[in-house]
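1. below are the sequence and a predicted model; questions follow.
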Amino acid sequence: NDGFTALMFSCQNGHDLCARALIKAGADLEKQTPKGNTALTISCQGGHEQCARALIEAKANLDVTKPDGFTALMISCQFGHELCTRALIKAGAQVDHALDGGFTALILACQDGHDLCARALIENGARVDHALEDRTTALQIACLNGHEQCTRTLLEHRATVDAAKNNGFTALMNACQNGH
């Protein structure tokens, strides 16, 4: 079962009523699989907002990190689950937690074009100009990958247009290089 508990299986499949019953019966909210997943990270990966809310209400640790450094918020943003993202932010999840190398939830959202997650993060204090170790910003990543809406959101919130990463490339250069 890969170290999964009944609560994890309920959350993986979006069965919020089962999850609530298990929580009420005392299920361990913080139990981790060998890969470091918790019921909350599993809920957020699948976009199961009601399961995530049940865990948040039960006071699950919002900022527990997997061995790779990912938090539930980062996972939610990477997969583009706006409602889970907003629930985590409202409950107080750290919006600017960074992985080794500098990846944040905002950069992960912009990498895959998840504008609604990016917007939720920015509206709640995420730093638009945070950069990776090589000085790559969310704006550069959005432009590189052709994610127009993320680019617009970042620009609306005053992302630095002419920031250059270590190789000298700016967001405009990234966009032009890839025909965006």
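-> Sure, I can see it.
2. C-alpha from now on. contacts and neighbour counts both.
-> Will do.
3. all helices for this protein, in order.
-> Along the chain, the stretches classed as helices by DSSP state H are 6-12, 16-24, 39-46, 49-57, 72-78, 82-91, 105-111, 115-123, 138-144, 148-156, 171-177.
4. can I get the ones you listed in CSV including distance to residue 131?
-> CSV is the format used below for the helices of the chain (distance: least, C-alpha to C-alpha, whole Å):
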stretch, distance to residue 131
helix 6-12, 32
helix 16-24, 37
helix 39-46, 24
helix 49-57, 29
helix 72-78, 16
helix 82-91, 21
helix 105-111, 9
helix 115-123, 15
helix 138-144, 7
helix 148-156, 13
helix 171-177, 12
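5. nearest to residue 163, of those helices?
-> Nearest to residue 163 among the helices of the chain is helix 171-177; the distance by C-alpha to C-alpha comes to 7.5 Å.
6. give the buried residues for the closest one.
-> 171-175 (16 or more other C-alpha atoms under 10 Å).
7. and the residue nearest to residue 112 when sequence neighbours are not counted, how far from residue 60?
-> Closest residue in space to residue 112, ignoring its immediate chain neighbours: residue 78 at 7.0 Å, by C-alpha to C-alpha, 6 or more residues apart in numbering. Remark: distance between residue 78 and residue 60 (C-alpha to C-alpha, to the nearest Å) = 20 Å.
8. and for residue 138?
-> Taken as C-alpha to C-alpha, the span from residue 138 to residue 60 is 29 Å.
9. show me which of the two is the more surrounded one.
-> Using other C-alpha atoms under 10 Å as the criterion, residue 138 and residue 60 rank with residue 138 on top: 30 against 18.
10. what residues are up against the nearest residue to that one once chain neighbours are set aside?
-> Take residue 138 and drop its neighbours on the chain: the residue closest to it by C-alpha to C-alpha, 6+ apart is residue 107, 4.8 Å away. Counting by C-alpha atoms under 8 Å, 6 or more residues apart in numbering, residue 107 makes contact with 137-138, 141.
11. and these as CSV, adding pLDDT and distance to residue 87?
-> Shown next, in CSV, are the contacts of residue 107 (pLDDT from 0 to 100; distance: C-alpha to C-alpha, whole Å):
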residue, pLDDT, distance to residue 87
137, 95, 25
138, 96, 22
141, 93, 25
